[in-house]
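Trainee: requesting a structural model of the entry that follows:
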Amino acid sequence: MPLELSDSARSLLRLRYLRRDEEGRIIETAEELFWRVARAVAAAEDAFPRGPRSAEIAEKFYELMTTLRFLPTYSSTDQRGNAARATLRLFRHTGS
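Mentor: Numbering: from 1, shown residues only. Model prediction:
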């Protein structure tokens, strides 16, 4: 399922969240950003005794984010690119 975002949302991602190279050129897509964040958030699962499950959990996080039912805040998507170290604050869209 392709990621459906408004032009404004894509513009905001380009301005603030997508990774850039040393010269300031964007080097990832919105979809890659969502995968990067999903994998970083899910990586914590590998520390539990049940064994590595981060790939499975990352897929679930990705699906939740791309359907806009779950969106992390800025600190977990910023240019540092290391959501595992960032303070994670989460928002869940409940629909109105």
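Trainee: residue 29 and residue 18 touch, don't they?
Mentor: Yes. Applying CB atoms under 8 Å, one finds residue 29 in contact with residue 18, separated by 7.5 Å. Quick note: C-beta positions are derived from backbone N, CA and C, even for glycine.
Trainee: which one of these two is surrounded by more residues?
Mentor: When residue 29 and residue 18 are compared for neighbours, residue 18 comes out ahead with 19 against 15, by other CB atoms under 10 Å.
Trainee: how about the helices in the chain?
Mentor: Along the chain, counting by DSSP state H, helices occupy 7-12, 30-42, 54-66.
Trainee: name the stretch among these that sits most buried.
Mentor: Comparing the helices of the chain by mean neighbour count (mean count of other CB atoms under 10 Å), helix 30-42 comes out on top with a mean of 19.
Trainee: quick one: list the elements packing against it.
Mentor: Applying 3 or more CB pairs under 8 Å, 6 or more residues apart in numbering; DSSP states H and E, one finds that helix 30-42 contacts helix 54-66.
Trainee: tell me what the helix it packs on is packed against?
Mentor: helix 30-42, strand 70-72.
Trainee: circling back: quick one: closest of the helices of the chain to residue 72.
Mentor: Of all the helices of the chain, it is helix 30-42 that lies closest to residue 72, at 6.0 Å by CB to CB.
Trainee: check the residue nearest to the spatial centre of the chain and give its pLDDT.
Mentor: Nearest to the mean C-alpha position of the chain, by CA atoms, centre = their mean, lies residue 37 at 2.9 Å. For residue 37, the pLDDT comes out at 88.
Trainee: quick check: residue 14 vs residue 49, distance?
Mentor: Distance, residue 14 to residue 49, by CB to CB, to the nearest Å: 41 Å.
Trainee: the two: who's more crowded?
Mentor: Shown here are residue 14 and residue 49; by other CB under 10 Å, residue 14 has more neighbours (13 against 4).
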